[in-house]
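S.K.: Predicted structure and sequence below. I'll ask about it afterward.
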Amino acid sequence: MSVFTEAAAAVQTALKLADDLRRTSQELKDLAQEVREHDRRIIRLEAQWETAAMLSRKRLE
């Protein structure tokens, strides 16, 4: 292989890695957004659960 062929292969590899990194970064951003949405939903469910528990305690009194 000539030096130019090796350099071209190295550039192609670097570009492929950069593209892979960009796609992985976007996937992580999407996952982070999904985790935040799940966290919000869990918080709402916990609040509903606590309210229901409090109301049931008041009924028993």
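M.R.: Looks like it arrived, so ask away.
S.K.: would you list every one of the helices in the protein?
M.R.: 3-60 (DSSP state H).
S.K.: Now for Ala47, how many residues are close by?
M.R.: Taking other Cβ atoms under 10 Å as the criterion, the count of residues near Ala47 is 10. All C-beta spots, glycine's among them, are computed from the backbone N, C-alpha and C.
S.K.: go on, the one 10 residues further on?
M.R.: The number of residues packed near Arg57 is 9, by other Cβ under 10 Å.
S.K.: and the gap between it and Glu50?
M.R.: Between Arg57 and Glu50 the distance is 11 Å, computed by Cβ to Cβ, to the nearest Å.
S.K.: now Phe4
M.R.: From Phe4 across to Glu50, the span is 68 Å (Cβ to Cβ).
S.K.: How about Ile42?
M.R.: Between Ile42 and Glu50 the computed distance is 12 Å (Cβ to Cβ).
S.K.: tell me the pLDDT at Met1?
M.R.: The predicted local distance difference test score for Met1 is 67.
S.K.: Could you do Leu60 as well?
M.R.: 76.
S.K.: What of Ala47?
M.R.: Predicted confidence (pLDDT) for Ala47: 97.
S.K.: Would you mind measuring from it to Ser56?
M.R.: Taken as Cβ to Cβ, the span from Ala47 to Ser56 is 15 Å.
S.K.: what's the answer for Ala9, then?
M.R.: When distance is defined by Cβ to Cβ, Ala9 is 69 Å away from Ser56.
S.K.: Ok, Arg36 next?
M.R.: Using Cβ to Cβ, Arg36 is found at 31 Å from Ser56.
S.K.: And Glu27, by the same measure?
M.R.: Relative to Ser56, Glu27 is positioned 43 Å away (criterion: Cβ to Cβ).
S.K.: ok, residues contacting stretch 30-38?
M.R.: Contacts with stretch 30-38, where a contact means Cβ atoms under 8 Å, 6 or more residues apart in numbering, come from no residue at all.
S.K.: Report the mean confidence score over it.
M.R.: What stretch 30-38 shows for mean pLDDT is 98.
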